[in-house]
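K.L.:
Quick check, what structure comes out for this input:
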Amino acid sequence: MKKALILSSLLLLSCTTNFTADHKRKASGGLKQLPSKKSKKEPSLSSKEKKEILRVVRGVITTHCKYHTSNMTLKRTKYLEQKRGVFVTLRKNGDLRGCIGSIEPNMPLYELIPEMAQAAAFRDGRFNPVKCNELKDITMSVSILTKPHTIPSYSAIEIGKHGIILSQSTKSAVYLPEVPIEQRWNREKTLTQLALKANLPHNAWQDPKTTFKVFESMDFSE
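P.N.:
Numbering: from 1, shown residues only. Take a look at the predicted model:
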């Protein structure tokens, strides 16, 4: 299995969908506007495909639980051929039961999602491996991420919109966009908790040596 970035907070992650506004440039000054080039249409994920992803996630975990192996796979589509970050989250009766993902993977989504499903259920070191008799009480969700990009300052972080990666030297930590919203944290509290999660001083987010990347997330659940 490829190296995965483990979401090591015990915080419950909920399902929300974040979108980036599409800003259009207006012509001005009475100048003749040149015909715009048609942008390449980005592949999208349909409701049917989301349901299929969740079906495979549950199927992978169920068969692995019963037989200690699983060969269930996702069908290759234009969307799932992309190399994008993914987190798979398990909740049992509303409480976090497992959450593992990869922020910047080197494999396409159709391979990564089943891998993260197994990891969340059986390799999250904070929990015992999921047992078959628990499955009826477990809800599964998937978060597909945009590519993280560096920002010049923490002041550019938008709470609730951005997932955050805080890094200093060899230490780093990540929160998905939903975490500060559920905890009712402002930006200062979020960054303080993120610094502590990275085993850094509580005010390390103010250190000029600390860097930040942000991303957005599309979440869906059973």
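K.L.:
ok now do Gln206, which residues does it touch?
P.N.:
By C-beta atoms under 8 Å, 6 or more residues apart in numbering, no residues touch Gln206. Glycine gets a C-beta too; all of them are placed from N, C-alpha and C.
K.L.:
quick one: it and Thr170, what's the gap?
P.N.:
Going from Gln206 to Thr170 by C-beta to C-beta, to the nearest Å gives 19 Å.
K.L.:
what do you get for Phe220?
P.N.:
In terms of C-beta to C-beta, Phe220 sits 34 Å off from Thr170.
K.L.:
Please apply the same query to Leu96.
P.N.:
27 Å.
K.L.:
May I have the predicted confidence score for Ser44?
P.N.:
Ser44 is assigned 82 on the pLDDT scale.
K.L.:
now do Leu13
P.N.:
pLDDT for Leu13: 29.
K.L.:
Looking at Phe220 and Thr170, which is more packed in?
P.N.:
Under the neighbour definition other C-beta atoms under 10 Å, Phe220 and Thr170 were set side by side, and Phe220 has more, 18 against 6.
K.L.:
Bridge partners for that one, pull those for me.
P.N.:
Per DSSP bridges, the residues bridged to Phe220 are Val142.
K.L.:
ok, it touching Leu54?
P.N.:
Yes: because the distance of 7.1 Å satisfies C-beta atoms under 8 Å, Phe220 is recorded as touching Leu54.
K.L.:
so what sits against both of the two?
P.N.:
Here Phe220 and Leu54 have Ser141, Val142 as joint contacts, going by C-beta under 8 Å, 6+ apart.
K.L.:
okay, now the domains of this protein?
P.N.:
The domain map for the chain lists 1-9+47-145, 147-216, with the assignment taken from automatic domain parsing.
K.L.:
all helices for this protein, in order.
P.N.:
For the chain, the helices defined by DSSP state H cover 47-67, 109-122, 178-183, 187-197.
K.L.:
ranking the ones you listed by burial, who's on top?
P.N.:
Per-stretch averages of neighbours, counted by mean count of other C-beta atoms under 10 Å, single out helix 109-122 among the helices of the chain, with a mean of 23.
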